[in-house]
Each structure stands twice: as structure tokens, then as C-alpha cells.
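Trainee: can't give you the sequence, but here's the structure:
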């Protein structure tokens, strides 16, 4: 039975019944669930991607066969790529009885090439991972609710880069900017980064203004001009900072407990990271035991965001 299911999934010229298509759909749901629930770039997530790619091709084969069983053209299968509409289509294909007289058709090379393209797209998940930003520690460059496309990190992190990393204790995923790498000394002096004894250049910009309302994490922004009425103008000081060939904006609320720190000597194989929203970020300035990140091993740097999908700019690069 399994051998027949597999061979039919590879033969897109035939027809498939309702139960066969339902079985193919449920089978594909297993690695899809694993990919979505597993830790990003973990071994189990990688296995889920590989298995999911193979099952995707079989599912597409049975999709094409099921459409033929209902005497529907192959282009109807495009609905499988549309969120929510694909669920309606699957339900219809499972509930709609096979039409009398349905028979084998000719080979469709275009459909096969589309199937191979989708398989390659699924396999590409070995190299990238999507993230939704829950909090505002990386404002103004990355905002709560932004959707990020990140590429797997294959080389050592560099100063100035934004990275997705795993907390050494809690396993939670954080987005932060690398400020210092192994062997560096770093300190905060009156809110300014001092790297290896040299202050990192900051240029004052016009204030950052945002509406005072709850973010996607149901947290209200902190403002220099507190108290602020709901939907009023929440103001933060803003500056341009340059580090490691990267130029980016940082936010400040004025004097803060983390504006002045001792000198941190970063161990080899570790990074020291900060949030761009400096006074609203638990980062390497705070010890891991206190909920901060402390020194983060290079091995826990998972990926580098390359593209932001958000509002008001639909697509934007990360500085």
C-alpha cells in the first residue's frame, strides 16, 4: 500500500481518490508541524525540512491527480500556494466525490517543474528562517510586529551586525546588535559605547516620535516626555552611530542605570551585544542570572536578518 502510494505520487498522469489525497495531506502536515515548532536551525528542524521537501513533491503529485479525478485543470492547484485559500481547496478536494469518467491524462512538464521549484523552496529553509519581532528593543531600525527574513550564520559575527541569537540560559531567541567580539574590551560611558578605549562615534539626530499606544507585545513605549496621553506623541532622543562599517540609529531616554558600566573584557569565542533602543533593552550589559544576555557564545548566534517586511515601508534592509 505504501509502495503504491509513493509510486502514484510520482506519476502525475493518473487520478487519486479522496482518502489517498487526505492521507498525503496529513502526512505532509507532520514535518510542517515539526519545522514550525522546533528551534530555529536545530537538527530536528533540518530533518523536518528534508522530509518535508520530499513529501511536498509527493503531495503535489497527488494534488494534480486529485484535480484530474475531479476533471479540474491543473492551474487550479495554484490555490495551494495561497494562505487560507489552500485550506478551503484541500477541504473541497477531500469532500468532493470523484467524477464519473475521470481518467489518466498526458504528462505536464510545466507542472513537474513547478513541483521541483516548490521542493527547492522548501529545502531552502535549511538556510533561512522567518521571525516576527515581538518587542521594541531594536527600535528604530526594527519595530514590533516586523517580519524578518534571516539567513543562517556560517561565519563569525562581526561588529555592527544585527544577529538573531539564542539566550544561553532560557533558550529564547533575541535580536541584538554585535558591539564587541572576542578579545575586545567594551564599556558604556554616559550612554556612549567605548570600544577598546575609543568612543564609538555618535551624531545627534532629530528626536524619534511615535504614537503612545500598546505594541504587538501589549507593552507601551517609554518616553522622555512622560506622562503621554494615549495616541499622543512619545518622544525619544535619537543619534546616528557607526561601527564596523555599519551606520544605524540608536534611541536614548536620557540618564539611565545602564548608561555607565564597568569595563567588560569579552572572552574569545563570545560576543557582546546591545539593543538599538538602548534604555529599553536587556542585553549584554545585564548578567544572565538577572535576565540579561551577558557574553553570548558565537555558537548561539543563529542567523543574520537580511530583510524586514513591515510598515510603513513594505521591504527594507537592516542597517
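Mentor: Yes, it's here. Just so we're clear, the structure is a prediction, and the values are computed from it rather than from any experiment.

Trainee: what ranges does the stretch 51-200 of the chain have for its strands?
Mentor: 128-132, 147-152, 162-166, 173-181, 185-189, 192-195, 198-199 (DSSP state E, counting those that start in this stretch).

Trainee: distance to residue 11 and mean pLDDT for those - can I get that in TSV?
Mentor: Every residue, glycine included, has its C-beta placed from N, CA and C. Shown next, in TSV, are the strands of the stretch 51-200 of the chain (distance: least, CB to CB, whole Å; pLDDT from 0 to 100):
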stretch	distance to residue 11	mean pLDDT
strand 128-132	32	87
strand 147-152	35	90
strand 162-166	42	95
strand 173-181	42	96
strand 185-189	61	98
strand 192-195	62	98
strand 198-199	67	97
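
Trainee: just put those strands in CSV and tack on mean neighbour count and distance to residue 41.
Mentor: CSV is the format used below for the strands of the stretch 51-200 of the chain (neighbours: other CB atoms under 10 Å; distance: least, CB to CB, whole Å):
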stretch, mean neighbour count, distance to residue 41
strand 128-132, 15, 6
strand 147-152, 17, 6
strand 162-166, 23, 9
strand 173-181, 24, 10
strand 185-189, 17, 27
strand 192-195, 18, 29
strand 198-199, 10, 34
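
Trainee: could I get those strands as TSV with distance to residue 86?
Mentor: TSV is the format used below for the strands of the stretch 51-200 of the chain (distance: least, CB to CB, whole Å):
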stretch	distance to residue 86
strand 128-132	18
strand 147-152	19
strand 162-166	28
strand 173-181	27
strand 185-189	49
strand 192-195	47
strand 198-199	54
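
Trainee: please tell me how far residue 244 sits from residue 176.
Mentor: 14 Å (CB to CB, to the nearest Å).

Trainee: residue 103: how many residues sit nearby?
Mentor: 10 (other CB atoms under 10 Å).

Trainee: where does this protein have low pLDDT?
Mentor: Within the chain, the segments meeting pLDDT under 70 span 105-111, 216-217, 311-314.

Trainee: outline the domain layout of it.
Mentor: 2-126, 129-316 (automatic domain parsing).

Trainee: relative to residue 115, which of the strands of the stretch 51-200 of the chain is closest?
Mentor: The closest of the strands of the stretch 51-200 of the chain to residue 115 is strand 128-132. By CB to CB, the value is 20.8 Å.

Trainee: packing partners for the closest one?
Mentor: Judged by 3 or more CB pairs under 8 Å, 6 or more residues apart in numbering; DSSP states H and E, strand 128-132 is in contact with strand 147-152, strand 301-309.

Trainee: would you list these in TSV and tack on distance to residue 10?
Mentor: As requested, the helices and strands packed on strand 128-132 are exported to TSV (distance: least, CB to CB, whole Å):
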stretch	distance to residue 10
strand 147-152	30
strand 301-309	34
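
Trainee: show me where the chain has helices.
Mentor: Taking DSSP state H to define them, one finds helices in the chain at 2-10, 18-37, 43-69, 85-95, 109-123.

Trainee: please identify the most buried of those helices.
Mentor: Using mean count of other CB atoms under 10 Å, the stretch among those with the largest mean neighbour count is helix 43-69, at a mean of 20.
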